[in-house]
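# have a look at this prediction, sequence included:
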Amino acid sequence: MCRSLLRVVMCRIWNDSVMAQVNVSQPFTCSYVPDKCVCVACQRTIDRGCLRIGLVRGQGSDTRLDSYHSSCFWEKCPYKQHVRETSLDRLTFVELFHGFEGMLSHDRLKLEQDACKPPGKFKRKHRHIGLVASGTDDVSLDGGDYELDDNTFDLSNLICVHVFRYKLDVYVSIREYFKPVNATVAKATKTGISLTSRQWNTVCRKRYGIDSALKEIGESQTKTKNKGTDAIKDDNVDGGDDEESQVVFSLSWKRRISIFRKHKEPVVDIRDFSEEKTFKPAGRGITLSRTQWNKLKSLIDCVNYSVILLSKE
């Protein structure tokens, strides 16, 4: 009995020391336990020195860490789908998992392989209406009732901009977030894209051209509607993209900013493209509504300030 109580206390102390280093925007942790702890999924012991994946819950003094075996995490963790996709890059793992770079090479490879397996069917339990905002609301989906850190900025509808440093460069991530049940802290998901500081500067320079494209595409839709033709009745009935009228800006060889209509509203899409002959859009990227794009423009100075501060570290 005493040993069990001591083990619980030691695990609590270890959890507190880990949580003191975890950024609130990172929902998961990877670490090798210094002493035995219990997996919350199977209730079996995670032996000393073994890899455990932790789910960060709460914030501040209320922060706790739910520990999982690596296999149990992909079976029982309620938020595993937020980090599972068939094409994840290294930067996404760094954003989502605290301690990812400190893992052994074979454990890191195993985690990448597990995360890149095709996701199973699941049902979202958190409130979210999609990547493109509906209407003209300029507030968060949850009314702004979730907390972010100093280098993370809210765009609305649980889409945020996060500035972080990785190795020798600083990145600006535009990413979808989620809010766990009974939590006040929003956590990052794999849906989004990380821009280098150079690519972010390109976005800042081209913001006026993007504004002009948004205005032009929005006006072209209005003119078409005013004609009163029968063709407009079938325009984007299936919610697909209108590829006939889109403007493209290049960020790099495989990365583009596209402005087009989605669900009859002009949007800004920042996305990677495949290397196939057709050069089709790849899975990594994010779509912003006009409202979210305007909010992003208003935060340019704040984001640039965070980039400068992290560059000096």
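Yep, it's here.
# for residue 212, which residues are in contact?
Listed by Cβ atoms under 8 Å, 6 or more residues apart in numbering, the contact set of residue 212 is empty. To be clear about C-beta, it is placed using only N, CA and C from the backbone, and glycine gets the same treatment.
# low-scoring stretches of the stretch 101-250 of the chain, by residue?
Flagging of the stretch 101-250 of the chain using pLDDT under 70 yields the residue ranges 119-145, 221-244.
# just the helices in the stretch 1-150 of the chain please.
Counting by DSSP state H, counting those that start in this stretch, one finds helices in the stretch 1-150 of the chain at the ranges 2-19, 70-76, 90-96, 105-115.
# ok, and what's touching the third one?
Under the criterion Cβ under 8 Å, 6+ apart, residues 25-28, 82-83, 100-101, 111-112, 115, 162, 164, 166, 171, 173, 175, 188-190, 192, 194 lie in contact with helix 90-96.
# got a list of what residue 313 touches?
Taking Cβ under 8 Å, 6+ apart, one finds residue 165 in contact with residue 313.
# in strands, which of the contacts of helix 90-96 fall?
28, 162, 164, 166, 171, 173, 175, 188, 189, 190, 192, 194 (DSSP state E).
# still on that earlier bit, in ChimeraX, select just the buried ones from the contacts of helix 90-96.
Selection command for ChimeraX covering only the buried members of the contacts of helix 90-96, criterion 16 or more other Cβ atoms under 10 Å:
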select :25,26,27,28,82,83,100,111,115,162,164,171,173,175,188,189,190,192,194
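# related to what we said a few turns ago, nearest to residue 47, out of the ones in strands among the contacts of helix 90-96: which one, please.
Relative to residue 47, the closest of the ones in strands among the contacts of helix 90-96 is residue 28; by Cβ to Cβ it sits at 20.4 Å.
# now the closest one: how far from residue 180?
12 Å (Cβ to Cβ, to the nearest Å).
# picking that back up, rank the helices of the stretch 1-150 of the chain by pLDDT, which is bottom?
Ranked by mean pLDDT, the helices of the stretch 1-150 of the chain bottom out at helix 2-19, with a mean of 46.
# tell me the mean pLDDT for the helix or strand encompassing residue 303?
Using DSSP states H and E, residue 303 sits within helix 300-311. The pLDDT scores in helix 300-311 average 95.
# contacts for it?
With Cβ under 8 Å, 6+ apart, helix 300-311 has contacts from 150-151, 153, 161, 163-165, 170, 172, 197, 200, 204, 207.
# now the buried members of the residues you listed.
151, 153, 161, 163, 164, 165, 170, 172, 197, 200, 204, 207.
# can you put the residues you listed in TSV and add distance to residue 71?
Converted to TSV, the buried ones among the contacts of helix 300-311 look like this (distance: Cβ to Cβ, whole Å):
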residue	distance to residue 71
151	33
153	36
161	34
163	34
164	29
165	32
170	35
172	34
197	38
200	38
204	44
207	46
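# residue ranges for the helices of the stretch 151-300 of the chain, please.
197-205, 207-227, 290-298, 300-311.
# out of the ones you listed, flag the one nearest residue 272.
That would be helix 197-205 among the helices of the stretch 151-300 of the chain, by Cβ to Cβ, at 11.3 Å.
# and the closest one, what does it pack against?
In terms of contacts (3 or more Cβ pairs under 8 Å, 6 or more residues apart in numbering; DSSP states H and E), helix 197-205 is packed against strand 169-178, helix 300-311.
# residue 284 is nearest to which of those?
Nearest of the helices and strands packed on helix 197-205 to residue 284, taken as Cβ to Cβ: strand 169-178 at 10.7 Å.
# pull that closest one out as CSV, backbone CA atoms only.
The C-alpha trace of strand 169-178 is given here as CSV (Å, rounded to 0.1, in the frame of the first residue of the first chain):
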residue,chain,number,x,y,z
ASP,A,169,14.5,28.9,-38.1
VAL,A,170,11.3,30.5,-36.9
TYR,A,171,8.0,29.3,-38.3
VAL,A,172,4.5,30.8,-38.5
SER,A,173,1.8,28.1,-38.3
ILE,A,174,-1.8,28.7,-39.3
ARG,A,175,-3.6,25.7,-37.9
GLU,A,176,-7.0,24.4,-36.7
TYR,A,177,-7.3,24.0,-33.0
PHE,A,178,-9.7,22.0,-30.8
